[in-house]
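> Here's a sequence, model it:
(one chain, ligands or ions: 1)
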Amino acid sequence: MTIILDGKKLREKILTNLKAELDKLEVKPSLAVILAGDNPASKIYVNNKKKIAEQIGINSTVIKLDENVTEDELIQKIHSLNIDPNVNAILVQLPLPAHISKERILGMIDPKKDVDGLSPYNFGKLFSGAKPYVYPCTPKGVLLLLDEYNIELEGKHVVVVGRSNLVGKPIAQMMLDRNATVTVCHSRTKNLAEITKTADILVSAVGENIIEEKMLKSGCVVVDVGIFKDSTGRTRGDVDFENVSKIASYITPVPGGVGPMTIASLMLNTVELFNSTIRR
Ligand code: GUN
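Just a heads-up that it's a prediction; the model follows:
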């Protein structure tokens, strides 16, 4: 029988604990989110982040910028947040409009306020084996979820499908740091199914419904990071949940698995940055 990795339940537990911690404080942490452009999914994510931040006692501001904003205007905004003592966490929602260089923008965020851990400084620290100020939210959330269910990583073969900076690359590194044996697959991988068949733990972060039951071995742990709407408007993940759940030992649902954990990690990261500001 498969066990559902319940991200919603763990998120509630994390948020309850954070709220109790923040209720004791007079000065609250503060998260600034920059949303450039009109991406409908991003608008929903950003509103959700703001709502949850406020529920637990984090001050949250959303800075909305036009789709046509220039790189320089965006950098000016980031700079003003970098030097604002009342802001301790900055998130630039991705994707950015096509004319803007994501790498350049992420590089402008003060690493001590980089709540996503995606700036070159923090990303570089992660890959060099040093501790970044915080770890990227989605990979961190996946590891928290696996830990909650006592799923051992050491010595396990983890197959990551997807090589994005947001998920695939950092999760591969974070799994390596936990002594897993990691294989990263992507759109040009040949014989994907032959590799996924050898996974003890499969992490899929592609955004297409590609993982079928026949690609996996019985008893594997399945983590579905993908979330998108199919042609009928239904929310789907990368994994054929109905059939894969018949053979997996553990599986994340979509929605209700990894998504809520990303938000929980964002709140944890905001508080971690806030606490390190006080210690600095
Ligand atoms: N877009 C989708 N997920 C994320 C995330 O974790 N951080 C940022 N900044 N943008 C995103």
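> tell me the mean pLDDT for the helix or strand containing Leu31?
With elements taken from DSSP states H and E, the one containing Leu31 is strand 30-36. Strand 30-36 shows a mean pLDDT of 98.
> Now the element after it, going C-ward?
Note on strand 30-36: by DSSP H and E, the next helix or strand toward the C-terminus is helix 40-56.
> Please enumerate the helices of the stretch 1-150 of the chain.
For the stretch 1-150 of the chain, the helices defined by DSSP state H, counting those that start in this stretch occupy 7-23, 40-56, 71-82, 102-106, 120-128, 137-148.
> does the ligand sit close to the strand holding Leu31?
No - using C-beta under 6 Å from any ligand atom, strand 30-36 never reaches the ligand; the gap is at least 8.3 Å. No exception for glycine: its C-beta is placed from N, CA and C like everyone else's.
> Then stretch 268-276?
No - using C-beta under 6 Å from any ligand atom, stretch 268-276 stays clear of the ligand, coming no nearer than 10.1 Å.
> Now that stretch: average pLDDT?
Stretch 268-276 shows an average pLDDT of 97 in the prediction.
> Work out the gap between it and the centre of the chain.
Stretch 268-276 has its C-alpha centroid displaced from the chain centroid by 16 Å (C-alpha atoms, centre = their mean, to the nearest Å).
> Quick check: buried residues in it?
Of the residues in stretch 268-276, 268-274 count as buried by neighbour count, 16 or more other C-beta atoms under 10 Å.
> Now tell me what touches that stretch from outside.
14, 18, 21-22, 29-31, 53, 58, 88-89, 112-113, 115-117, 133-135, 137, 140 (C-beta atoms under 8 Å, 6 or more residues apart in numbering).
> can you do 7 Å?
Contact partners of stretch 268-276, identified using C-beta atoms under 7 Å, 6 or more residues apart in numbering, comprise 14, 18, 29, 31, 58, 88-89, 112-113, 115, 133-134, 137.
> Show me which of those residues is closest to Thr198.
Cys137 (28.4 Å; C-beta to C-beta).
> Now do the contacts for that closest one.
Residues in contact with Cys137, defined by C-beta under 7 Å, 6+ apart, are 116, 262, 265-266, 269.
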